[in-house]
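Visitor: Dropping the sequence and predicted coords here.
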Amino acid sequence: NAGVMQNPRHLVRRRGQEARLRCSPMKGHSHVYWYRQLPEEGLKFMVYLQKENIIDESGMPKERFSAEFPKEGPSILRIQQVVRGDSAAYFCASSPPVQRANYGYTFGSGTRLTVV
Amino acid sequence: AQSVTQLDSHVSVSEGTPVLLRCNYSSSYSPSLFWYVQHPNKGLQLLLKYTSAATLVKGINGFEAEFKKSETSFHLTKPSAHMSDAAEYFCVVSGLRTSGTYKYIFGTGTRLKVLA
């Protein structure tokens, strides 16, 4: 039973390019969450998605960032026209369809984005 | 609204001595609380969780935490530190959105250093 799979593990982009980060949730999980971790900081919530729906995007920057979780395939976090400040580790987590406060998320190993 | 405060950004202990990582929370209802560990360049691993059952929660790798409602605390302890415990530790409270779904609120993390 594979856990949350994120790819790529490391991604290098030049300023102005696009970055696409992928997340496949655990089998049976239909809720996906994206978090960003800047160097020397904690995790900041970005967006919460269910299949084909964005439930909460209150942590997403207003420009250049978007996320989707299609009916088929992984969730995608897309960053357009990347800037150096986007360099961070991006973590995806998933949880089962029935949400409970006490259910721990399962996290992926993250994608480390470096903008040069 | 829910929030969580980790009182120490860095903690250093000698190998074989006790570990104490402090966490205080704020919640308008009975919270669910978690501790996660992140080893360098790795993802997050769930150490333990409190879900309104026993107030003393035992986790993996010899860690435990005690929920104290009167002190609004959920400190993480381990009797004897091991070199492999050196990592970043995050305290998390599960918060309720207005939509009725739950989200994690992360503390800023405590970096544990274990000295030989």
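Guide: Yes, it's here.
Visitor: can you pull up the bridge partners for the closest residue in space to A:A19 that isn't next to it in sequence?
Guide: Taking C-beta to C-beta, 6 or more residues apart in numbering or on different chains, and ignoring the residues beside it in sequence, A:A19 has A:I79 as its nearest neighbour in space, at 4.4 Å. Yep, even glycine has a C-beta here, placed from its N, CA and C like the rest. According to DSSP bridges, A:A19, A:F65 are recorded as the beta-bridge partners of A:I79.
Visitor: Quick check: pLDDT value at A:I79.
Guide: The score at A:I79 is 98. That number is its pLDDT.
Visitor: and what of the one 5 residues further on?
Guide: Reading off the per-residue confidence, A:R84 sits at a pLDDT of 95.
Visitor: roughly how far out does stretch A:29-40 sit from the chain middle?
Guide: In terms of C-alpha atoms, centre = their mean, to the nearest Å, the gap separating the centre of stretch A:29-40 from the centre of its chain is 5 Å.
Visitor: contact partners of that stretch?
Guide: A:4, A:23, A:25, A:43-51, A:55, A:59, A:67, A:69, A:75, A:77, A:87-97, A:99, A:105-106, A:110, B:103-104, B:106 (C-beta atoms under 8 Å, 6 or more residues apart in numbering or on different chains).
Visitor: Which of those residues are buried? Put it as a PyMOL command.
Guide: Selecting just the buried residues from those in PyMOL takes one command, with 16 or more other C-beta atoms under 10 Å in any protein chain shown as the test:
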select buried, (chain A and resi 4+23+25+43+45+46+47+48+49+55+59+67+69+75+77+87+88+89+90+91+92+93+94+95+105+106+110) or (chain B and resi 103+104+106)
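Visitor: Around chain A, which positions in chain B sit nearby?
Guide: B:31-32, B:34, B:36, B:41-46, B:49, B:51-52, B:90, B:94, B:96-97, B:99, B:101-109 (C-beta under 8 Å from any C-beta of the partner chain).
Visitor: at 7 Å instead, please
Guide: Applying the criterion C-beta under 7 Å from any C-beta of the partner chain, the portion of chain B that neighbours chain A consists of B:32, B:34, B:42-44, B:46, B:49, B:51, B:90, B:94, B:97, B:99, B:101-104, B:106-109.
Visitor: Contact distance from chain B - what residues of chain A qualify?
Guide: Selection of chain A residues close to chain B by C-beta under 7 Å from any C-beta yields A:41-43, A:45, A:48, A:55-56, A:91, A:99, A:101-102, A:104-105, A:107-110.
Visitor: pull the helix or strand with minimum mean pLDDT from chain A.
Guide: Taking mean pLDDT, DSSP states H and E as the measure, the helix or strand of chain A with the lowest value is strand A:106-107, at a mean of 89.
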